[in-house]
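[1] whatever this is, show me its structure:
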Amino acid sequence: MDAGSERVRHSALVRWTHWITAVSFLALLLSGVEILISHPRFYWGEAGNSATPALFQIPIPASRAGVKTGYGYVLPDQNGWSRYLHFQAAWAGVLAGLLYGIYGFVSGHFRRNLVPRGSDLTPGSIAKAFAERVRWKGLRSSDASTYNVMQRIAYTSVVFVFFPLIVWTGLAMSPAIASAFPSVVTVFGGQQSARTIHFFVTLALVAFFLVHVVMVALSGFKDRMRAMITGRFAEKEPV
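    Okay, the predicted model is just below:
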């Protein structure tokens, strides 16, 4: 028989910023797909339009008749509301991310829970953690108080690389930002380059999101969701 005791897993600020970011991400993904449909072609450099060669294009029909996609019809144009939602959701996500980032540095949350330790980065440690995940071993561990090395690497990459990059490339596509701070754009080689990078970073974040949801489900959906909603988890101890 097991006797359980509860421990604090996530602070209120971490939980709130997590859910705000999750909702913002889904809104950004939905609106981003609609924006993509209006012009599913990508370029490199400063300029690009339907009259110039594309770096690559998504094989879907567009929602604008003037965009060359090889299809004989266009989809309904949803560009108006999608851009408005994208803008609003982006700022909600940025504000939540800034608040989480300040908290993470000031409280030591990043140092304690996210940044991989030196011993975690040895080839043996990484290989062992990866092998356990491939075999689904240890996913239901009762110790939900720490992240393993694979989680630390994934979360650190999202927090310190992909999230800042998605924000930066998003700002670089804004004419107002490009006019006021041209270096924000020129570092990528132009607005079209920023848009292309933005697309690939989005794909990386979608992949992370899907893997994250699957891992939560496999490691105990009820317990993990309870920890992220209430902040606490049940620690089982044999008696």
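[2] and the spatially most central residue of the chain, how far from T21?
    Geometric centre of the chain, nearest residue: L205, 3.7 Å, by Cα atoms, centre = their mean. Separation of L205 from T21 (Cβ to Cβ, to the nearest Å) stands at 11 Å. (Glycine included, C-beta is placed from N, CA and C.)
[3] what of R111?
    For R111 relative to T21 (Cβ to Cβ), the value is 21 Å.
[4] show me where pLDDT drops low in the chain?
    Applying pLDDT under 70 to the chain flags residues 1-6, 118-146, 234-239.
[5] one step back: these two touch, right, the residue nearest to the centre of the chain and L26?
    No - the pair L205 / L26 is not scored as a contact, 11.4 Å apart, by Cβ atoms under 8 Å.
[6] strands of this structure, start to end?
    Along the chain, counting by DSSP state E, strands occupy 2-8, 41-42, 56-57, 232-238.
[7] count of residues packed around N49?
    N49 has 13 neighbouring residues, counting by other Cβ atoms under 10 Å.
[8] just to revisit the earlier point, so which of R111 and T21 has more stuff around it?
    It is T21, of R111 and T21, that has more neighbours when counted by other Cβ under 10 Å, with 19 against 11.
[9] rewinding a little: if I pick the residue nearest to the centre of the chain, what's in contact with it?
    L205 makes contact with 25, 158, 162-163, 166, according to Cβ atoms under 8 Å, 6 or more residues apart in numbering.
[10] hang on, isn't Y71 packed against P59?
    No - in this structure, Y71 is not within contact of P59 by Cβ under 8 Å, at 9.1 Å.
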